[in-house]
Structure formats: structure tokens, C-alpha cells
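1. predicted model, plus sequence, below.
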Amino acid sequence: MTAFKRFDRPKFLKHLAFIFICVLCIYPLALVLGISFSDERSIARAGFSLIPAKFSTRAYDFIFTQAEAVLRAYGLTIFVTIVGTLLSTLMIALFAYPLSRKDFGQRKFFNRLIVLTLLPVIYLAMNWNLLPESMPIHFDASGQPNGYGSRWTYVFLPVGLYVMMLVLPWIDPKKANYPVFSDSYFKLRLIMCIFIGFLDSAIIWSVVNKTDSVQKLLPISIFFLFMLIGNYMGNFRPNYFVGIKVPWTLNSDEVWIKTHKMAGKLWFWGSFAAILLFFVVDKFEYILIPLLIILVVVPIVYSYVIYQKLGKH
């Protein structure tokens, strides 16, 4: 008989992440194609869309009638791209060589610094003059902004979050438990800060391009975050800052471990199901909050039930 291969959850998660990234890469290209065949007035009235509200070839007429100006603009774009690519490759090589040396004392620090700060901050700096002073910083269930703040928020949030998560183990009364799940806590820091960096970049892109198409992906991004955290939640050990921190888990290590193992599976598979529903349900915002409540409340109730059972024995 042919033995069934054991389900490889990390590999499945990586494949799902690559599919998600591919969708994010293809979607802007398809959007640009749809815009190119859209009437200018319909865009001003209804905004950007994949399918033109009113079909028009005026953009392509302009290309053929103003070919000299278009070619000059593309020539400048190609020049900047080539020079920028060469310079960026040189800078990356200068960074990559010392980081590849295991005897480089600050290797870990610079690895984290590059991943967590440079990419979103550089993108923000490139578009700084195109951004308004007030930027959306809070969104409703449908992904529409309902709160605004300074654009400097997008500079300090990823770095500040990471620094905060570095400090928390030092001030936690249960800091002795952190070495037990140090690898998972490190991955949690990366996940949180990369997620915030991705959201920063996506929101900046949508503001610069005056579209809300990226913001519509915010609900699915939240469940993708839950899915990633759920993959490592089973390794968390008792602490006061990360995980399901209720009286019953903090009072019993056994309850903590059982609760987080169950919650990890629930968050992973529940979020996976929510991501699938996002592409099936028309009004996903109507089920967004109930799904989040299930992911949060069920582990809390489970911890109470387990605690009561252990108390009776």
C-alpha cells in the first residue's frame, strides 16, 4: 500500500503565501489594463475598476498622436530604471557580503533592520511629496478608512512595534519562559512588523494612485496574519504580553499549553476558511466580525472548560 505523506503545514503556508503574493502582483497589472480602456470621465466619476465602466481608446489614440512625447518619457524612465538598478545592485552587494559572513558581529541586527525598516520606509520616502499631511490609519469592516492621522505614523509604526517587542521580554514577570519559545517569538516579531510594513506600503500606494482597490484586501490580510500566527501559537509559553492571556491560562501552564495548541489549529484552519470565503461571499464585511469573534472567543471558552476539568481532578 502507498503510504500517505504527512501534511506539511509550513510548506503549505509557504505555497499559500506565494499564491497571495502572485495575486498582489498580477492585480495591479490587470487594473492598469482596465484603466487604459476606460473613459476619463467615468474614472473621475466612479473611480478605477478592472472592468471599464465606459469603454474608450482615447489613451491609445494619445500614444499614437503624441508619439514623440511618449518616447521621450519612456527614454527617461528606462534611463532612471537602468541607473537605479545598477546603483541598487551595488548597494545590495555591499550589504550582502558582510551579512553573508558568519563572523560579522552585527549580522543579525542588520538583517532585521533591512527587512523591517528599509523597504517600507524607502517606499514612503519615494512618495513623500505625493502624500497628504493626513493619512488613513483606521478602517471599517469593508476596508474603507474611517480614521486619519499624520503620515509620520507610517514611518514610526513598523520600527516602533519591533522595538517594543524587543523590550517586552525584559519587563515581563514571566521572562524566564521566553527562552523556551525564543524561535517562535522571533518569528512573531518578524511576522508582525512585515505585516505592518506591507499594510503601510499598500495604503501609501492606494493614496498615491487615488484608489481603494488595495484597501479592499485588508480583511483578507487580517486573516492571513491570523493564519501565520496560528502556525506558531502552539509553541508559545506562559507570558503576559503575547498569546491568550486570561486568568485560567495564566494560572496553569497545562491549561496555557492545551489552549494555545487548540487555538493555533483554530486560527490556522479558521483563517484559511475565511480567506476562501472572501472570494465566494459578496458582502464579506457582514461575516468578518463574527469570524473574528469565533477565533477569539472559542479559545477563551476552551481555556475555562479545561481549567474547570483540571480543577475537579
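-> Perfect, thanks for sending it.

2. and the strands in the stretch 101-250 of the chain, which stretches?
-> 134-139, 145-150 (DSSP state E, counting those that start in this stretch).

3. TSV for these, including distance to Gly311?
-> Heads up, the C-betas are built off the backbone N, CA and C, glycines and all. Below are these laid out as TSV (distance: least, CB to CB, whole Å):
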stretch	distance to Gly311
strand 134-139	41
strand 145-150	43
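
4. return the most buried member of those.
-> Of the strands of the stretch 101-250 of the chain, the one with the most neighbours on average (mean count of other CB atoms under 10 Å) is strand 134-139, at a mean of 15.

5. ok so, going back, of the strands of the stretch 101-250 of the chain, which is nearest Ser252?
-> strand 134-139 (36.3 Å; CB to CB).

6. tell me the helices and strands packed up against that closest one.
-> strand 145-150, helix 153-171, helix 182-208 (3 or more CB pairs under 8 Å, 6 or more residues apart in numbering; DSSP states H and E).

7. hmm, try it at 10 Å
-> With contacts defined as 3 or more CB pairs under 10 Å, 6 or more residues apart in numbering; DSSP states H and E, strand 134-139 has these neighbours: strand 145-150, helix 153-171, helix 182-208, helix 218-233.

8. for the shortest one, which strands pair with it and how are they oriented?
-> Spelled out, it's strand 145-150. The strands beside strand 145-150 in its sheet (DSSP bridges) come out as strand 134-139 (antiparallel).

9. how about residues contacting the strand it pairs with?
-> For strand 134-139, the surrounding residues in contact (CB atoms under 10 Å, 6 or more residues apart in numbering) are 144-154, 157, 199-200, 203-204, 206-207, 212, 215, 218-219, 222.

10. for it, give the mean pLDDT please.
-> Averaged across strand 134-139, pLDDT comes to 74.

11. same check, this time on stretch 235-249
-> pLDDT averaged over stretch 235-249 gives 91.

12. quick one: buried residues of it?
-> If you call a residue buried by 16 or more other CB atoms under 10 Å, then stretch 235-249 has these buried ones: Asn235, Phe236, Arg237, Pro238, Asn239, Val242, Gly243, Ile244, Val246, Trp248, Thr249.

13. then stretch 254-267?
-> Buried, per 16+ other CB under 10 Å, within stretch 254-267: Val255, Trp256, Ile257, Lys258, Thr259, His260, Met262, Ala263, Gly264, Leu266, Trp267.

14. one step back: CSV for the helices and strands packed on strand 134-139, including distance to Thr89?
-> Listed next are these as CSV, based on distance: least, CB to CB, whole Å:
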stretch, distance to Thr89
strand 145-150, 34
helix 153-171, 25
helix 182-208, 21
helix 218-233, 30
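
15. which one of those lies nearest to Val23?
-> helix 218-233 (9.5 Å).

16. kindly format the C-alpha coordinates of the closest one as CSV.
-> Provided in CSV are the C-alpha atoms of helix 218-233 (Å, rounded to 0.1, in the frame of the first residue of the first chain):
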residue,chain,number,x,y,z
LEU,A,218,-7.4,44.5,4.2
PRO,A,219,-9.9,41.9,5.5
ILE,A,220,-8.1,39.0,3.8
SER,A,221,-4.8,40.4,5.1
ILE,A,222,-6.0,40.2,8.6
PHE,A,223,-6.9,36.6,8.3
PHE,A,224,-3.6,35.8,6.6
LEU,A,225,-1.9,37.4,9.7
PHE,A,226,-4.0,35.2,12.0
MET,A,227,-3.1,32.2,9.9
LEU,A,228,0.7,32.9,10.2
ILE,A,229,0.4,33.5,14.0
GLY,A,230,-1.7,30.3,14.4
ASN,A,231,1.1,28.3,12.8
TYR,A,232,3.4,29.2,15.7
MET,A,233,0.9,29.7,18.6
